[in-house]
Every structure is written in structure tokens, then in C-alpha cells.
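Novice: following is a predicted model, sequence given first.
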Amino acid sequence: MSTIELLWRARQGKRLGLTGTESLSLDWKAVIDRKDRIVESWSKGKEEDLSKLGIAVVRGKGRFLGPSEVAVDGKKLTGEKIIIATGSKPARPPIPGAERGITSDELIHLKEQPARLVVVGGGFIGLEFGFALARAGSKVTILQSGAQIAPPLDDEIREALLAAAREAEISVVTNVKVTRIVEDKTVEAQIGSKAERFPADQVLLATGRTSNVEELNPQSAGVELDHSSVKINGYLQSVSNPRIYAVGDAAGKHQHTPIAWYEGPIAAHNAVKGNERKTDFSVFPSAIFTIPSIGQVGLTEKKAQDRGHHVQVSKTPFSYNPAAGVREETEGLVKVVYEEGTERILGVHVIGAHAEDIIQIAATGMLGGLKKSQFGSAHYVFPTLGGAIFDAMAAS
């Protein structure tokens, strides 16, 4: 997606005094091949790192034989403690003809860019791939079963994202009931009382993911599940088998890659040294890699109101930020949700260039307990995109 964003911004280079940028094109196969090389290199590097630490790597399909025993392709392994980190797989919805669609795992291996992509699902995965393909030149339609895309987003950030989707010529259709995917990959749907057809070269099924834990035969280990994931306590420990811990999608509470990155060391520590560390998601930034991207931490304005906070909001558009202006990256805004009187920061939401990096400034300040006025009066490097966070804090 970073390659596609680079292409999209480069094509706008005329505004920066560059010539010939409008005719830049994308070699889809080369992009996919590069992705494969990077993944292979990183995977090989991780395995080499484990070997240097004296950690044995056994490849194969594993299944529990008992509370502390696993078989991997016939080889039996035992452990005083076991950590499950098996990730998840895309879910295929019960739609007639769903086998004619592809999942996100399959889309990233396509050797040819689809001219027309219909995305079934308006969540984060569908939006990320929808924006990527649209910015790469595909005609994209996103079909969402609910009344709005990306329900967890702050309302104003969602509206800004919808504006970006219109600019990218993405068709977003809500309140859709997909009824069938026919042989030529046309998606048939019902919208209210009206039947609609959406022709496609590829149909992306972006309707969530399910944990891989059930494939491990968890019942043999006495592992209780909660919606296909391990039911855990605050220490990431199985509530039914204290020898077993789970992280990431296997734990199931939060399905984001940064969650597994965060939970892994905690589970390892607790498994080896006893339950000393608990997970804490009270301040946990996340990102959506649409183009432009989104960063968020804490409560949305509506959630803060629903929880009884006396809410105030301050906002700064990216067009106010000199660095964004110089770079011609002025689409987007920063929104701060804070408590009236105490000035406690309840949430920060960003849409715009490098939002995934910018949001971490806000998260660090929230972890440190900074009030809005303290944040807003702090010195920062000028001009920078990150300065938009401080400007929004200073705004009333």
C-alpha cells in the first residue's frame, strides 16, 4: 500500500513543480513480487534470530494431545507452559457463490490487477484494500451491510474518509444484503426493495476473520473457547488450563497486528516468571491504512458522551499545518476529544498523511497524563506534520 500511496502522491507532482508525473504507471506484478521478497526475507531473518538465541523451530501442523502435550506431524512435544499464537484466517460469508470471491490473503498474491473490484464488507480490511486498488487505478465498489462503514470510527473522521473515497472515485453503498455471486463474478444484492447487480473482475470478501485455534484440537488440552478464540484472563492465561497462554487473534479480544506485538512479550514473561504483567488497553493507538490513513487512540466523541463525560472538542485541519502545505498533503484533520473542566484527553483522531505515525505522539502524551493545555503549550519541531497534534491541543 505504501507503493501505491507513493504513486498517488507522485502523480500530483505538478503542484510541486514536477513535470511528467501524471503519466506514471504501476507494474502490479513487480509490486507483488517485491512484497513476496520482503516477506520471505523478514521471515528468514526472524527464524535466524531464533536460532541464534538457541530456540528450536519445528515446522508442521500441530494439535494438542493433552494439557501440556502437542503433536507436530507425528512428533510429540511437551512443555510446562504453552503459548498459542496461531493468528486467524479470513471468514467466508454464507453467501451462495462465495467460493467465486477471494479473501484478503488471496488478493495480495494476485499477479494481475483487477480492473473492477467489488468489496463485500465496509470494515477496516475492506476499506484498506478498497482504497489501495482505487488509488492504483481499479474501479472499486464497497458494499456494506450496515448503515455506515467502519462503525468504530469517530463520526467526523468517517465523513472525512467518505469524502476521500468520493475523490478516489470509490462507490460506497450501505444497507446492502448480498444475495449471490454469479459465475461471471457479478455480485447480486438487495438494497431495500430493489435488486441490484455489481459487475466485477474480482470480488473481495472482507467480512471479518476467525481464529485458527480450533484447528489445534483445543478440547484435548481442556482449553475453553470464546467465539473460536481462547478464553483468557488479564494475564493472557487460559481460564480453563493455567499452563496455556494465548496472544493476538488467538486470544480474540482485539484483532490487530499491533495487539499481538504487544501481547507476545507479556504472555512470555508471565509464562516464564509467573503472572506479573497484565494487559492494559486504556491507551492503545491503532491505525487504518487507507489512503489517506487514519490514526486513533482513546474514545470517540460519541463514546465519550455515552459514558457520561462532559465533552469538549478541538480540531485542526491539515490545511492549517505548514508542513502539510509545503508537501501538498493538506487533506485531513486532527480532532481532540477532552473532558470539560479537567482538560483530560479522552481521545485523539487523525485522518491524513502519516496519521499512523502522528497518532503515537498523542498516545504517548495520554499515557503520561498530559492535560490538553499542557500538550498545547509544549514546544515542538516546526514545521512538521506531527505539529498538527500540538496545534489541535492548543485550539479551543
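Specialist: Cool, got the structure. Just so it is clear, the model here is predicted, and its values are computed rather than measured. Residues are numbered from 1 along each chain as shown.

Novice: double-check that V337 belongs to a strand.
Specialist: Yes: looking at V337 with DSSP: H, G, I helix; E, B strand; the rest coil, it is inside a strand.

Novice: where does the closest residue in space to R307 that isn't next to it in sequence land on pLDDT?
Specialist: With Cβ to Cβ, 6 or more residues apart in numbering as the criterion, R307 has its nearest non-adjacent residue at 7.1 Å, and that residue is L299. Using the backbone N, CA and C atoms, a C-beta is placed for each residue, glycine as well. The pLDDT attached to L299 in the predicted structure is 97.

Novice: mind checking how far L299 is from Q305?
Specialist: 9 Å (Cβ to Cβ, to the nearest Å).

Novice: repeat for H256
Specialist: Using Cβ to Cβ, we find H256 at a distance of 25 Å from Q305.

Novice: of L299 and Q305, give the one with the bigger neighbour count.
Specialist: Just comparing L299 and Q305: by other Cβ atoms under 10 Å the higher neighbour count belongs to L299, 20 against 14.

Novice: and S396, what does it touch?
Specialist: Under the criterion of Cβ atoms under 8 Å, 6 or more residues apart in numbering, the contact list for S396 reads S314.

Novice: roughly how far does it sit from W8?
Specialist: On the measure of Cβ to Cβ, S396 and W8 end up 34 Å apart.

Novice: check V39 too.
Specialist: Distance of V39 to W8, given as Cβ to Cβ: 23 Å.

Novice: neighbour count: those two, which is higher?
Specialist: When neighbours are counted by other Cβ under 10 Å, W8 comes out ahead of the other of V39 and W8, with 20 against 11.

Novice: list the buried residues for the one helix or strand the more buried one maps to?
Specialist: Take DSSP states H and E as the rule and W8 turns out to sit in helix 2-10. By neighbour count with 16 or more other Cβ atoms under 10 Å, helix 2-10 contains the buried residues 3-5, 7-9.

Novice: could you do stretch 78-89 as well?
Specialist: If you call a residue buried by 16+ other Cβ under 10 Å, then stretch 78-89 has these buried ones: 82-88.

Novice: ditto for stretch 347-365
Specialist: 347-356, 358-359, 361-363, 365.

Novice: CA atoms only: put that stretch into PDB for me.
Specialist: Extracted in PDB, the C-alpha atoms of stretch 347-365 (Å, rounded to 0.1, in the frame of the first residue of the first chain):
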ATOM      1  CA  GLY A 347      -9.400  10.600  22.600                       C
ATOM      2  CA  VAL A 348      -7.500  11.800  19.600                       C
ATOM      3  CA  HIS A 349      -8.400  11.000  16.000                       C
ATOM      4  CA  VAL A 350      -6.400  11.800  12.900                       C
ATOM      5  CA  ILE A 351      -7.000  11.400   9.200                       C
ATOM      6  CA  GLY A 352      -4.300  12.500   6.800                       C
ATOM      7  CA  ALA A 353      -0.800  11.800   5.600                       C
ATOM      8  CA  HIS A 354       1.200   9.700   8.000                       C
ATOM      9  CA  ALA A 355      -1.600   9.600  10.600                       C
ATOM     10  CA  GLU A 356      -0.300   6.200  11.700                       C
ATOM     11  CA  ASP A 357       2.900   7.900  12.900                       C
ATOM     12  CA  ILE A 358       1.300  11.100  14.200                       C
ATOM     13  CA  ILE A 359      -1.200   9.400  16.400                       C
ATOM     14  CA  GLN A 360       1.600   7.900  18.500                       C
ATOM     15  CA  ILE A 361       2.500  11.400  19.700                       C
ATOM     16  CA  ALA A 362      -1.000  11.800  21.200                       C
ATOM     17  CA  ALA A 363      -0.900   8.300  22.700                       C
ATOM     18  CA  THR A 364       2.400   9.000  24.500                       C
ATOM     19  CA  GLY A 365       1.100  12.200  25.900                       C
END
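
Novice: all helices of the chain, in order?
Specialist: Assignment of helices within the chain using DSSP state H yields the ranges 2-10, 28-52, 104-107, 124-135, 155-167, 257-273, 301-306, 322-327, 355-367, 372-376, 387-394.

Novice: okay, these in JSON lines with distance to V313 next?
Specialist: Written out in JSON lines, the entries for these read as follows (distance: least, Cβ to Cβ, whole Å):
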{"stretch": "helix 2-10", "distance to V313": "28"}
{"stretch": "helix 28-52", "distance to V313": "39"}
{"stretch": "helix 104-107", "distance to V313": "34"}
{"stretch": "helix 124-135", "distance to V313": "23"}
{"stretch": "helix 155-167", "distance to V313": "9"}
{"stretch": "helix 257-273", "distance to V313": "26"}
{"stretch": "helix 301-306", "distance to V313": "6"}
{"stretch": "helix 322-327", "distance to V313": "21"}
{"stretch": "helix 355-367", "distance to V313": "14"}
{"stretch": "helix 372-376", "distance to V313": "11"}
{"stretch": "helix 387-394", "distance to V313": "10"}
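
Novice: E183 is nearest to which of these?
Specialist: Put simply, out of the helices of the chain the one that sits nearest E183 is helix 104-107, at 18.3 Å, with distance taken as Cβ to Cβ.
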